[in-house]
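Visitor: Show me how the following folds:
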Amino acid sequence: MGDLNIKTKTASFKNALYLESGRILEPFEIVYETYGTLNEAKDNAIVVCHALSGSHHAAGRYENDKKAGWWDALIGGGKPIDTDRFFVICANAIGSCYGSTGPISPAYPSLEPYRLKFPVVTVKDMVKAERLLLDRLGINAVFAVIGGSMGGMRALHFAVDYPALAKRTIVMAATHATSPWAIAFNKIAMEATISDPAFENGAYDIEALKERGLKGAAIGRMAGHISFLSPESMNRKFGRDFVGAEGLFDLFGRFQVERYLDYNGGSFPKWFDPLSFLYILKAINIYDISRGYDSLESALARVKSHLHLFGFERDLLFLPRETQEIDAAMKKIGKGELSDYYHIESDYGHDSFLVETNKFADILADILR
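Guide: From the prediction side, this is the model:
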């Protein structure tokens, strides 16, 4: 792994994690990956938060990897998130399916998975668990917390829930509360998944599903992929090109964009568990940073970290104005000096924060410099 000094570990917690819903997880585990070296003062850490289907594997390659971690372009020696200077931590969120406790984890003391008996977890719960991980590592303060999409929601929760933790909080392609527009896309994904007879009310054979997939979850993921792109990026990527070997006048002949959705939707449930998909969609749907407070402003009044907020021009899932509303609220309560908004010119869509890192890499490097 070279200068990344990549390490993948599992932290096990016997203490109960008290959730927003009033339920508990006991015990629970968090899988996490680190890059770089923690200094003696333990003050050079950066927390990186993944999005819906992301994992703790944010950078570098494992031996048999076809591609590198999801933010490899930004994390490493000499890169904007410079592992020659920083100790980078990326934890897999609870509820996910990459090893942290989730719906396919054994429901202690049983060896059987929780499945639909798993409690609803929120973005706030995810962050609470990650804060316990930092405590376990002896890290009381970090240089920055960074995330995009659901990762940006988590970053903002860190700033509100643990105001003394980070000097800088970097929120990309996110919002302060999930809009009805985004919830509507997620509703399609959830309904398509649970209505597939092969879902078996959550009792499906986990290993068999990795082989055959799940058509309902595949259709749901197609809706997601539409929201991750934009009309401009679809025009540029696919145009009106037809799959050459398929007949234009064949009812089931496909345009290239249809083949793209078939491929990405069909493969998704083979590598991302459908129950985790449902639980994380639920967490995103009910996300609202002001829940428990009188208003967005009263939630943000707790913030002591410097917020760096990135909106992407053609993001149709979390509109740039939603990110700007966070900045406006900070200014309204007299905390403008702790908030900067960056408008990134891009017509790619929501996934620009993953795909077009060159558009903001220099800004990110400056913030962390």
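Visitor: give me every residue that touches the most centrally placed residue in the chain.
Guide: Geometric centre of the chain, nearest residue: Ala51, 1.1 Å, by Cα atoms, centre = their mean. Neighbour list for Ala51: 147-151, 354 [criterion: Cβ atoms under 8 Å, 6 or more residues apart in numbering]. Any C-beta I mention is one placed from the backbone N, CA and C, and that applies to glycine too.
Visitor: now, which of those residues sits nearest Ala301?
Guide: Gly147 (21.6 Å; Cβ to Cβ).
Visitor: contacting residues for that closest one?
Guide: 48-51, 153-155, 170-172, 174.
Visitor: sec struct for Val145, please.
Guide: strand (DSSP: H, G, I helix; E, B strand; the rest coil).
Visitor: Roughly how far does it sit from Gly151?
Guide: 9 Å (Cβ to Cβ, to the nearest Å).
Visitor: and if you look at Arg168?
Guide: Remark: distance between Arg168 and Gly151 (Cβ to Cβ) = 15 Å.
Visitor: ditto for Ser12
Guide: Distance from Ser12 to Gly151, by Cβ to Cβ: 24 Å.
Visitor: same check, this time on Glu63
Guide: Glu63 is 26 Å from Gly151, by Cβ to Cβ.
Visitor: chain center to stretch 334-353: distance?
Guide: 17 Å (Cα atoms, centre = their mean, to the nearest Å).
Visitor: dump the residue contacts of Ile194.
Guide: With the criterion set at Cβ under 8 Å, 6+ apart, Ile194 makes contact with 201, 216, 278.
Visitor: Following the chain onward from the lowest-mean-pLDDT helix or strand in the chain, which element is next?
Guide: Here the helix or strand of the chain ranked lowest by mean pLDDT, DSSP states H and E is helix 206-212, holding a mean of 93. With elements assigned by DSSP states H and E, the helix or strand that comes after helix 206-212 is helix 215-228.
Visitor: tell me which strands and helices that next one is in contact with?
Guide: Taking 3 or more Cβ pairs under 8 Å, 6 or more residues apart in numbering; DSSP states H and E as contact, the helices and strands that helix 215-228 lies on are helix 180-195, helix 256-271, helix 274-285.
Visitor: Quick check: which of the ones you listed is nearest to Arg314?
Guide: helix 180-195 (14.3 Å).
Visitor: quick one: the closest residue to Thr122 other than its chain neighbours and Ala141, what's the gap?
Guide: Spatially, and ignoring its direct neighbours in sequence, Thr122 is nearest to Glu20 (4.8 Å; Cβ to Cβ, 6 or more residues apart in numbering). From Glu20 over to Ala141 the distance is 25 Å, taken as Cβ to Cβ.
Visitor: just Glu40 next, same as before
Guide: 14 Å.
Visitor: more crowded one of Ser12 and Gly151?
Guide: Between Ser12 and Gly151, Gly151 has the larger neighbour count (other Cβ atoms under 10 Å), namely 31 against 10.
Visitor: so what's that one closest to, chain neighbours aside?
Guide: The nearest residue in space to Gly151 (Cβ to Cβ, 6+ apart) is Cys49, at 3.5 Å.
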